[in-house]
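**Q** Sequence isn't available, so here's the structure alone:
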């Protein structure tokens, strides 16, 4: 089970940090990441990290602004969102997958999904 927190309303240019805590399994072998979905569009991968094999991914639209980090001791990972833009408004989902990131960013490959948290960026 994955439980997200940290979503909400933020002004453009501001920052927000999302958290995802896993229970029932250890994230050590997993690729952990974040997806987002805007109504009417497909769910897209935002960021991925798999420290055990060093693979990672960051969508071009968030490079230099969003950072993913993990805390294995807390079985938790984070998405630090800086300099947010109105286009970042979406429901954000955390995800965990037992493969490297270049596959884990495919929605159909994900093993475990969070329920989603709304992020709204006002202009």
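**A** Everything's here; your move. On a predicted model such as this, the values are computed, not experimentally measured, just so you know.
**Q** Contact partners for the residue nearest to the spatial centre of the chain?
**A** Centroid check for the chain by CA atoms, centre = their mean gives residue 34 as the closest residue, at 1.9 Å. By CB atoms under 8 Å, 6 or more residues apart in numbering, the contact set of residue 34 is 18, 20, 45, 46, 47, 48, 68, 79, 92, 93, 94, 95. C-beta: built from backbone N, CA, C; applies to glycine.
**Q** And the pLDDT at the third one?
**A** Per-residue pLDDT puts residue 45 at 98.
**Q** And the closest residue to it other than its chain neighbours, how far from residue 94?
**A** Leaving aside its sequence neighbours, residue 45 sits nearest to residue 105 (CB to CB, 6 or more residues apart in numbering; 3.6 Å). Going from residue 105 to residue 94 by CB to CB, to the nearest Å gives 13 Å.
**Q** Those two - which one has more neighbours?
**A** residue 94 (30 against 24; other CB atoms under 10 Å).
**Q** If you drop the residues flanking it in sequence, what lies closest to the more buried one?
**A** residue 20 (3.4 Å).
**Q** Tell me what that neighbour is bridged to.
**A** Beta-bridge pairing for residue 20 (DSSP bridges): residue 4, residue 77.
**Q** quick one, what contacts it?
**A** 2, 3, 4, 5, 32, 34, 76, 77, 78, 94, 114.
**Q** got a markdown table for those, with pLDDT too?
**A** Below are the contacts of residue 20 laid out as a markdown table (pLDDT from 0 to 100):
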| residue | pLDDT |
| --- | --- |
| 2 | 97 |
| 3 | 95 |
| 4 | 95 |
| 5 | 95 |
| 32 | 98 |
| 34 | 98 |
| 76 | 98 |
| 77 | 98 |
| 78 | 98 |
| 94 | 98 |
| 114 | 97 |
